[in-house]
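Whatever this is, show me its structure:
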Amino acid sequence: MPALAPHPDRLLPSDPAVRQIARRLYEAVAALPIVSPHGHVDPRMLRDDTPFPDPATLFIKPDHYVTRLLHAGGVPLDSLLGDADPRSVWRLFCAHWHLLRGTPVRYWFESELHSIFGITSRPSADNADELYDQIDALLRTPSHRPQALLSRFQIDFMATTDDPADDLAAHAALRDLPTRVAPTFRPDRYLEVGRPGWPSIVKELGGDVGSYAGYIAALEERRRYFVSAGAVSADHGHVDAGAAPVSLDDANRIYRSALKSDVSPAEATAFRRHMIVEMARMSCDDGLVMTLHPGVFRNHHTATFDRHGPDTGHDIPVAVEFTESLRPLLDRFGTHPGFHLVLFTVDPDVFTREIAPLAGFYPAVFAGAPWWYLDNPTEIRRYQRAVTETAGFSKLSGFIDDTRAFCSIPARHDMSRRLDAGFLAELVATHRLDPEEAEETIVDLVVHQPRRVFKIKP
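Residues are numbered from 1 along each chain as shown. Coordinates of the predicted model:
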């Protein structure tokens with residue numbers, strides 16, 4: 001049976017001299033605590049601290065990184081999601097292990113299986129049941145319950161993603177944990193006034209939302225509530241980066257029409273872009289860091305969405321533009337003291353052409369780490385070169401794992417630390433940084449930079 005043994009030098013440079021430098025840099029940060037300012041772990045799972053039900057429910061069913069690769073390789077989603085038998089799901093995963101070759105998912109899985117569950121054999125159809133039983137037995141022990149793993153992973157700070165109407169009771173119950181678990185304000189569905197059912201959705205905010213002024217007041221109140229519960233950021237993920245104000249008369253008119261479900265697509269788009277500017281204004285007032293990650297065609301396959309719902313692997317990147325789209329917002333707030341705007345993209349060319357130059361001028365703008373389709377070694381290396389040579393290390397966001405796959409968090413951050421070590425080692429080897437500067441920089445990227453960008457207080 002082929003062994004599963006992650007190489008100690010994985011992802012480090014192949015040149016022996018540069019690799020030696022990278023090893024020393026990686027060793028300086030390998031054991032440091034994790035700061036995770038953006039992710040999708042369910043806080044109720046941590047609060048309840050009940051054992052994970054089985055390996056498939058832990059590793060496969062909730063992780064669209066995995067299910068989309070299996071589906072693309074011919075495995076029907078019906079056999080992976082919903083009520084599919086967990087052991088059968090695991091067998092399919094192991095039998096199709098080869099589909100992960102060359103992907104970051106393979107890297108994460110090797111790290112998780114080996115370091116957390118002691119797996120030493122590569123998954124296959126032949127050993128699927130043996131691996132399932134080994135993992136399943138560990139999941140029933142106290143050492144592998146959610147809060148124990150949270151401590152083992154050395155996660156110092158972890159942000160979740162939450163609906164503005166959430167009562168945040170789960171977060172309140174987690175306040176005594178060594179890990180700070182913070183909510184994130186995610187208002188997308190309340191800003192998209194053209195979506196089906198929006199008049200009912202907006203009522204969930206509470207307050208008097210029968211007028212535009214009341215709607216604004218309700219959003220401001222919910223943001224204050226999130227801040228009081230420890231939130232540090234507000235997250236926005238729309239199809240484009242448009243941010244352009246409309247007149248107060250137009251905002252009132254469109255809002256009234258939206259309450260009657262009588263808003264045109266053009267009006268809905270204009271209102272959402274207006275509200276992105278309003279969200280920036282509110283961030284200047286309440287201090288929440290504003291993160292923006294546009295450029296995704298959600299739920300591309302209608303039949304899959306109808307049967308399995310969102311976040312099941314069929315969101316597809318689309319082209320996105322930042323420079324003109326954000327100019328009205330940045331004209332107003334790009335130099336506002338204390339305003340932080342973190343820009344993410346799923347288009348790697350945008351890092352060089354737009355995000356790095358924007359971050360290289362506006363004090364408020366930071367270049368978000370490669371996210372989602374770009375959170376792989378190739379694009380992370382490309383990002384490092386594109387952004388740092390234009391804006392410097394101080395305008396990077398720090399690593400963002402953006403995951404709902406809880407056990408992959410350490411592996412994802414480890415990947416980032418190795419790639420940072422390799423990049424900085426090249427700068428040392430070419431005499432662009434001295435070794436002391438490189439070590440100071442990698443510690444900063446891992447520990448201090450995400451805390452500064454996301455205003456995470458000790």
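
Low-confidence bits of this structure, can you list those?
Applying pLDDT under 70 to the chain flags the ranges 1.

how about a cut-off of 80?
1, 304, 458 (pLDDT under 80).

Roughly how far does the residue most central in space within it sit from residue 347?
The centre of the chain sits closest to residue 402, judged by C-alpha atoms, centre = their mean, with a distance of 1.9 Å. Between residue 402 and residue 347 the computed distance is 16 Å (C-beta to C-beta, to the nearest Å). (Each C-beta comes from the backbone N, C-alpha and C, glycine too.)

and if you look at residue 367?
Relative to residue 347, residue 367 is positioned 13 Å away (C-beta to C-beta).

and what of residue 227?
32 Å.

And residue 15, by the same measure?
Counting by C-beta to C-beta, the gap from residue 15 to residue 347 is 30 Å.

So between the two, which is more surrounded?
For residue 15 and residue 347, the more surrounded residue by other C-beta atoms under 10 Å is residue 347, and the numbers stand at 19 against 14.

Now that one. Its backbone dihedrals?
Dihedral angles of residue 347 (phi, psi; degrees, to the nearest 10) stand at phi -120, psi 110.

what's it in contact with, if anything?
The contact partners of residue 347, by C-beta atoms under 8 Å, 6 or more residues apart in numbering, come to 295, 317, 319-320.

Got a PyMOL select line for the buried ones in the residues you listed?
Typed into PyMOL, the line below selects the buried ones among the contacts of residue 347, using 16 or more other C-beta atoms under 10 Å:
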select buried, resi 295+320
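
Need the contacts of residue 347 in TSV (columns: distance to residue 183).
What follows is the contacts of residue 347, written out as TSV (distance: C-beta to C-beta, whole Å):
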residue	distance to residue 183
295	25
317	27
319	32
320	27
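
which one of the contacts of residue 347 is nearest residue 419?
residue 317 (21.2 Å; C-beta to C-beta).

Correct me if wrong: that closest one contacts residue 346.
Yes. The criterion here is C-beta atoms under 8 Å, and residue 317 meets it with residue 346 at 3.9 Å.

Between these two, which contacts overlap?
295-296, 372-373.

got the contact list for stretch 3-18?
By C-beta under 8 Å, 6+ apart, stretch 3-18 touches 19, 22-23, 26, 107, 110-111, 113-115, 119-123, 377, 415, 418-419, 421-422, 425-426, 429.

Would you mind checking the residues you listed for buried ones?
19, 22-23, 26, 107, 110-111, 113-114, 119, 121-123, 377, 415, 418-419, 421-422, 425-426, 429.

just the CA coordinates of the helix or strand containing residue 137, formatted as CSV?
Element membership of residue 137, judged by DSSP states H and E, is helix 128-139. The C-alpha coordinates for helix 128-139 follow below in CSV (Å, rounded to 0.1, in the frame of the first residue of the first chain):
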residue,chain,number,x,y,z
ALA,A,128,-11.4,2.8,2.3
ASP,A,129,-13.1,0.8,5.1
GLU,A,130,-10.0,0.5,7.2
LEU,A,131,-9.4,4.2,7.0
TYR,A,132,-13.0,5.0,7.7
ASP,A,133,-13.0,2.9,10.8
GLN,A,134,-9.7,4.4,12.1
ILE,A,135,-10.9,7.9,11.7
ASP,A,136,-14.4,7.1,13.0
ALA,A,137,-12.9,5.6,16.2
LEU,A,138,-10.9,8.7,16.8
LEU,A,139,-13.9,11.0,16.3
